[in-house]
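**Q** Sequence and computational prediction follow.
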Amino acid sequence: KEVEKELSMYIRYRTGRMKQEVWAKETLQALDRYRRAEGKHIFYDLYESYVLFQIQDNIQAELLLGQIQERKDELKDGRWQACYLYLTTMQNKEEEYQEYVQKKIQELYLEQQESWILLWLMLRVNGQMYRNDTERLDEIRLKYLQGVHSPVLYLDACDILKKEPLMLRRLEGFEIHLLAFLCRNQVFDREISGQAAQLAQRLSGFDRILFRVLTECYRKTPTKNLLSVICKMLMDGRKKEKKYAVWFARGVMQDVRITGLYEAFIETSDHLDANELPMAIRLYFVYHNTLDSARKAAIYAAVIRNRERDEQTYASYRKGMGLFMEEQLAEGKISHDLVELYKDLLTDAVMTPHLAAGLEKVLFTYEVTCRMPGIRHLIVIHRAFGQEQKVVVTDGKALVQIMTPDYVLLAEDREGRRYAADPYCTRTRLMEQPQMEALCRRHLEQPHWILLHDCMTGAKAVQIQEEKIEQYLMLLKVPELKESYR
């Protein structure tokens, strides 16, 4: 823990988030605790000498270097020998000696190039091997590709990018992890984030780490360009989860121009209120509605609920809503949003026998909510029918058709075991509208389900009223009816 704390403090010091005197004091205290815990590694003595030199306590630093010089066996390791030599240049400024140390560290580095410590020293003492910052950054990148990863090297790369952000020329593994490091340590600036955004525009697909980097950049320096890149990445990765809705919403509000952005905004929105939808979206979907049926229904239902406050939008959508309503009803589809469309748009003027058949199915559709975990299917068995109705449970809900009170509702788990569903489930009739039922009766040519509803009371013995004889005779012709019930 002390070692991790020392590294964290060094990063904060190098990135300007900790004053030098505070860093030195707390680091020396941490090193003292390390020794009291019987820590004896030579690296931490070398590091203490480095800290002392940084705060100009040269006497203590040189005394410690003298003690380190006696540890001959440990200094045979090229890493610690190079550290020791580097520290001696802080007391011996002679040009000849400085050149000797440079050459010696270069030799040690070439013998042990997998060491981040030796590369860190090379970047400090050997100006001849690297002619400019581009070569220094390329060397750090090369070591990353070879598996040499160190936050201390990221700090040097960070210094280079802060001087010249255009040196960020690609967004691959090294660059993405470097940018993530900058984000974590709060050293991103507008120029680096702008360059990252420019490069990210050329990428396709979704990268989790880069997405986190870009969103962090946006929070610190919100620009339309960055927001555009974030939305594009989400759309390229087909990210439709609700947690991403905030980015699409920001894109819409700031008029980011990306094909499909409005659709992505609608598809990830948890709740649609037509009064809160930007006017651009309301007008766009009048002419370019390529959403799936569930999202179309959500938008249309929102427009209908908002009709009194925005009659103009309702009028613009009216034709499209009518066509969509007829399409959904013909297939017997139903949802809470579709109920709004049926109630508002379904009249005798548009009703046909084909639509009436769909409406008959809709009228007897129930939404069943199941609270029992692990349930995969619901099964409805009407005693009057020869076949059972089996539907998939999604997010704890399923839609079933129930025409008579004489039925059994079962729940089935993933192993195929069945249970009585009533203790765990509640059911709600989605459209219990007397006027809709009357409309259906007026136009339906073969009212099979309505006949079952009217005639099958669930009682063992039924006294048939004279006015219902014709209905019972028609019921005998329903093909799904079991022979025993006929």
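**A** That came through, no problem.

**Q** For Arg414, list the residues it contacts.
**A** Going by C-beta atoms under 8 Å, 6 or more residues apart in numbering, Arg414 touches Gly374, Arg376. Placement of C-beta: from N, CA and C, glycine included.

**Q** where does it land on pLDDT?
**A** Listed pLDDT for Arg414 reads 90.

**Q** Repeat that for Arg418.
**A** In this model, Arg418 is scored at 91, pLDDT.

**Q** residue contacts, it?
**A** Taking C-beta under 8 Å, 6+ apart, we find Arg418 in contact with Ile379, Leu410, Ala411, Glu412.

**Q** Remind me what the strand or helix carrying Arg79 packs against, helices and strands.
**A** Element membership of Arg79, judged by DSSP states H and E, is helix 78-88. With contacts taken as 3 or more C-beta pairs under 8 Å, 6 or more residues apart in numbering; DSSP states H and E, helix 78-88 sits against helix 42-54, helix 58-69, helix 95-111, helix 116-125.

**Q** ok so, going back, export the contacts of Arg418 as TSV, with columns for distance to Thr134 and neighbour count.
**A** Shown next, in TSV, are the contacts of Arg418 (distance: C-beta to C-beta, whole Å; neighbours: other C-beta atoms under 10 Å):
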residue	distance to Thr134	neighbour count
Ile379	69	16
Leu410	71	17
Ala411	66	24
Glu412	65	18
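
**Q** which of these sit farthest apart?
**A** Maximum pairwise distance in these, criterion C-beta to C-beta, is 7.7 Å, between Ile379 and Ala411.

**Q** closest one to Ser228 among the helices and strands packed on helix 78-88?
**A** Closest among these, once you apply C-beta to C-beta, is helix 116-125, at 36.2 Å.

**Q** Could I get the average pLDDT for the closest one?
**A** For helix 116-125, mean pLDDT is 88.

**Q** what helices or strands is it leaning on?
**A** Helix 116-125 sits against helix 78-88, helix 95-111, helix 133-145, helix 151-163, with contacts defined as 3+ C-beta pairs under 8 Å, 6+ apart.

**Q** Give me the mean pLDDT for the last one.
**A** So the one you mean is helix 151-163. On average, helix 151-163 scores 91.

**Q** Likewise for the third one?
**A** Confidence over helix 133-145, taken as the mean pLDDT, stands at 90.

**Q** cool, the shortest one as well?
**A** Confidence for helix 78-88, expressed as mean pLDDT, is 94.

**Q** Over to the second one?
**A** Helix 95-111 shows an average pLDDT of 91 in the prediction.

**Q** do the same with stretch 367-377
**A** The average of the pLDDT scores along stretch 367-377 is 91.

**Q** please begin residue numbering at 47 from this point
**A** In the new numbering, first residue 47, that becomes stretch 413-423.

**Q** The closest residue to Glu210 other than its chain neighbours - how many residues pack around it?
**A** The shortest distance from Glu210 to any non-neighbouring residue, by C-beta to C-beta, 6 or more residues apart in numbering, is to Asp179 (6.6 Å). Asp179 is flanked by 16 other residues according to other C-beta atoms under 10 Å.

**Q** mind listing what Asp179 touches?
**A** If a contact means C-beta under 8 Å, 6+ apart, then Asp179 has Ile206, Lys209, Glu210, Met213 as its contacts.

**Q** how much space between it and Met168?
**A** Per C-beta to C-beta, to the nearest Å, Asp179 is found 14 Å from Met168.

**Q** same deal with Trp293?
**A** Applying C-beta to C-beta, the value for Trp293 to Met168 is 42 Å.

**Q** And Met477, by the same measure?
**A** The gap separating Met477 from Met168 is 76 Å, by C-beta to C-beta.

**Q** just to revisit the earlier point, out of the contacts of Asp179, who's nearest Thr261?
**A** Distances from Thr261 to those, taken as C-beta to C-beta, are shortest for Met213 (23.3 Å).

**Q** For the stretch 347-496 of the chain, which segments count as helices?
**A** Assigned by DSSP state H, counting those that start in this stretch, the helices in the stretch 347-496 of the chain fall at 357-376, 382-391, 399-409, 480-489, 494-501.

**Q** and the longest one, which residues are buried?
**A** When neighbours are counted by 16 or more other C-beta atoms under 10 Å, the buried residues of helix 357-376 are found to be 359-360, 362-364, 366-368, 370-372, 374-375.

**Q** cool, and the second one?
**A** Along helix 382-391, the positions that meet the burial threshold by neighbour count (16+ other C-beta under 10 Å) are Asp383, Leu384, Val385, Glu386, Leu387, Tyr388, Asp390, Leu391.

**Q** Which of those residues lies at the shortest distance from Glu313?
**A** Set against Glu313, the nearest of these by C-beta to C-beta is Asp383 (14.1 Å).

**Q** For the closest one, give its distance to Asp390.
**A** Taken as C-beta to C-beta, the span from Asp383 to Asp390 is 11 Å.

**Q** same thing with Glu157?
**A** Between Glu157 and Asp390 the distance is 81 Å, computed by C-beta to C-beta.

**Q** Following the helix or strand containing Phe257 in sequence, what is the next regular element?
**A** In this structure, Phe257 sits in helix 254-266 according to DSSP H and E. Per DSSP H and E, the first helix or strand lying C-terminal to helix 254-266 is helix 270-282.

**Q** Rounded mean pLDDT for that next one, please.
**A** Average pLDDT, helix 270-282: 92.

**Q** in that helix, what counts as buried?
**A** Leu272, Leu273, Ser274, Val275, Ile276, Cys277, Lys278, Met279, Leu280, Met281.

**Q** so the second one touches Met299, yeah?
**A** The reference is to Leu273. No. Using C-beta atoms under 8 Å, Leu273 is not in contact with Met299; the gap is 9.6 Å.

**Q** For Arg353, give its distance to Leu387.
**A** Arg353 is 12 Å from Leu387, where distance means C-beta to C-beta.

**Q** My error: substitute Leu212 in the last question.
**A** 55 Å.

**Q** now Arg82
**A** Arg82 is 75 Å from Leu387, by C-beta to C-beta.

**Q** Arg265 now?
**A** According to C-beta to C-beta, Arg265 and Leu387 sit 40 Å apart.

**Q** And Asp459, by the same measure?
**A** Taking C-beta to C-beta as the measure, Asp459 falls 35 Å from Leu387.

**Q** now do Glu483
**A** 17 Å.

**Q** Now do the helix or strand where Gly240 lies against helix 270-282, angle only.
**A** Here Gly240, judged by DSSP H and E, is contained in helix 236-246. For helix 236-246 against helix 270-282, the angle by axes from the mean of the first three to the mean of the last three C-alpha atoms, to 10 degrees is 30 degrees.

**Q** What helices and strands are in contact with helix 236-246?
**A** Helix 236-246 packs on helix 219-230, helix 254-266, helix 270-282, going by 3+ C-beta pairs under 8 Å, 6+ apart.

**Q** buried set for that helix?
**A** Under the neighbour-count criterion of 16+ other C-beta under 10 Å, helix 236-246 has Ile238, Ser239, Gly240, Gln241, Ala242, Ala243, Gln244, Leu245, Ala246 buried.

**Q** And for stretch 417-432?
**A** Buried residues in stretch 417-432 (16+ other C-beta under 10 Å): Ile421, His423, Leu424, Ile425, Val426, His428, Ala430, Phe431.

**Q** what do you get for stretch 278-298?
**A** Buried residues in stretch 278-298, counted by 16+ other C-beta under 10 Å: 278-281, 285, 290-291, 293-298.
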